[in-house]
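[1] Only the shape, not the letters, is given here:
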């Protein structure tokens, strides 16, 4: 049972504000992923929870106990480091047992816990190897084993998969997910990899420049980004962001821009009148824009005409780079129906899935 | 077609002189050092080895070949055995303490605080000070009547010592000075070793529940093993060769209490002019150091965790 609660957590290094007044509650047994670009403060936030950094201001609670001045070793947390931080002179068994040894567990208990963790992680045959004799994936497992044997209240993962090759990363990702199911533990996991975040998290917390940008389930943050940062950061290829203007014609709202004239669907877009006539940003994911086979004139309310620059086949799908007015856009299509370069063709937008943002504040309109 | 041929020709004729000049330049750079090493180390070493089988007083043109008799009489000599024992005393008295103190200082200055560079500099400065000049200053301090050390002892109500003038305290006096001189060297090497230990291992220790002592015992000490081993080997070799301080301060006395092996050698060569005998000592010293170093490497390979 452990809930982690952060209240107004701030960390500064000299004049740099690494973490700026963060409030965050991580409920018991929840798998939370802190996601953001490098330098956004996510690792610092994790280290603050671990007790490896001193708070500048704010409060941290683990399981209703304020731990601001509690040293790392007394917080009952376990951490998996990006570099794994295995002790190079100790074998796998010793690496996993050390946390228990230092906490004066009896020998039989230690052997039992290490054995069962090793079994869970498939390390049984490697217990007397030194880290130097292990592969990257094995080292990663030992680092997790060292955390598991402790049965801590909270697991902290600091980009644990970033040193692995792509294939191994996918496998370890799956293992971590299964592990969470078995351990029923509270996990805070830091990554800059959105795929990792999407696949692992119960909830994603997107960070930028030391502040929380949005929190929600993976699908929530993906489908309903609350601001331009989250919209642009999540999704690959990234969301198209276009400068447009909202106008009212014959009682209906239309989106106008350079080469753009679209109708805003009547349902699902509760937009206050004060936005009418203002400059806005239209967000549309590439996967919601497709080259259309019909003539532009037939579907005018949801179509753009664009000049195809080039195509990037990804396998089953192809990314189309095209231009509307002066703005560059991406669309997706089935690889079999990829258009020819340097041709003007029509693109249809799934208007129900667009987003509108205020360019000044960056936040979503609805 | 003609063009590509011309290019190929041009290339091959270019490659060869280039390799040749590389060769010349390479050996050209090595040559000055090589000449010096051969002339002043290898030639004398081999020449000395030959001399060690003769009886010679350095002046007379005749050298009598005596076979192994220099070596034989050395092994019989009680003075030689005494000098070996004195050297051993010196080794045991200096090395463990210098290393322990060096490590302590290294840990102390391996932190960020104001003036840390100053402290590092201060501790290191004796290492680069001239041994003879240092010996003279320490002689003043050790002076039984006017020396500052006895002054302090008296101030503290302790009995004054005769320091280097008494057979009982002469060796400890040399040892104290040696520790003072060499602790900075050990500190610097240990400091380099400490700084090569990844910081995240200490953070892992923080999380695993280790305090300061556990961090030292379980991370610092084992990961410093290669450094410690290096210092140990270097220290043994250097301490075996101790001469200048002895020559400056005690001349092997009083009552041969500080007659280390190299001083014994020096006496045989330049006081008694028994050059063949002296070279035999040098070669025995060489064999001892060589054997010790070899043994240390053997042990080191089995016991020390190089990553």
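    Everything's here; your move. Every value quoted in this text rests on a predicted model; they were computed, and no experiment measured them.

[2] okay, CA-based contacts and neighbour counts for the rest of this
    Noted.

[3] can you pull the pLDDT of residue B:306?
    On pLDDT, residue B:306 comes in at 51.

[4] same deal with residue B:8?
    For residue B:8, pLDDT reads 49.

[5] and if you look at the one 4 residues further on?
    pLDDT recorded at residue B:12 is 53.

[6] separation between residue B:299 and chain A?
    Distance, residue B:299 to chain A, by C-alpha to the nearest C-alpha, to the nearest Å: 17 Å.

[7] Please apply the same query to residue B:69.
    Between residue B:69 and chain A the distance is 51 Å, computed by C-alpha to the nearest C-alpha.

[8] Hmm, that residue is touching residue B:53, no?
    Yes: counting by C-alpha atoms under 8 Å, residue B:53 is a contact partner of residue B:69 at 7.5 Å.

[9] tell me which parts of chain B are close to chain A?
    B:200-201, B:203-204, B:206-210, B:219, B:222-223, B:305, B:307 (C-alpha under 8 Å from any C-alpha of the partner chain).

[10] any idea which of those residues is closest to residue A:153?
    residue B:207 (12.6 Å; C-alpha to C-alpha).

[11] so what does the one helix or strand the closest one maps to touch, helix or strand wise?
    In the assignment (DSSP states H and E), residue B:207 maps to helix B:199-208. When contacts are defined as 3 or more C-alpha pairs under 8 Å, 6 or more residues apart in numbering or on different chains; DSSP states H and E, helix B:199-208 sits against strand A:77-80, helix A:92-102.

[12] after the longest one, next one along is what?
    Once helix A:92-102 ends, the next helix or strand along the chain (criterion: DSSP H and E) is helix A:107-121.

[13] Residues contacting that next one, please?
    Residues from elsewhere that reach helix A:107-121 (C-alpha atoms under 8 Å, 6 or more residues apart in numbering or on different chains): A:93, A:96-97, A:100-101, A:124, A:127, A:141, A:145, A:148-149.

[14] From these, list the ones also adjacent to chain B.
    residue A:100.

[15] can you list the domain ranges for chain B.
    Here the domain parsing of chain B from automatic domain parsing is B:2-51, B:69-303.

[16] What of chain A?
    A:4-225, A:240-357.

[17] coming back round to it: of residue B:69 and residue B:53, give the one with the bigger neighbour count.
    Taking neighbours as other C-alpha atoms under 10 Å in any protein chain shown, residue B:69 and residue B:53 compare with residue B:53 leading, 21 against 17.

[18] hang on, isn't that one packed against residue B:275?
    No: checked against C-alpha under 8 Å, the pair residue B:53 and residue B:275 is beyond contact range at 10.1 Å.

[19] ok, longest helix in chain A?
    For chain A, the helix reaching the highest residue count under DSSP state H is reported as helix A:166-183.

[20] ok, the contacts of helix A:107-121 vs chain B, which is closest?
    Closest to chain B out of the contacts of helix A:107-121 is residue A:100 (7.9 Å), distances taken as C-alpha to the nearest C-alpha.

[21] Relative to residue A:147, how far out is that closest one?
    Counting by C-alpha to C-alpha, to the nearest Å, the gap from residue A:100 to residue A:147 is 10 Å.

[22] which stretches of the chain form helices?
    Reading this off chain A. Assigned by DSSP H, chain A shows helices spanning A:42-50, A:92-102, A:107-121, A:136-148, A:166-183, A:194-200, A:218-223, A:228-233.

[23] Wait, chain B was what I had in mind.
    B:2-37, B:43-51, B:69-76, B:78-109, B:116-124, B:131-142, B:148-155, B:167-195, B:199-208, B:212-215, B:221-240, B:244-249, B:261-270, B:275-303.
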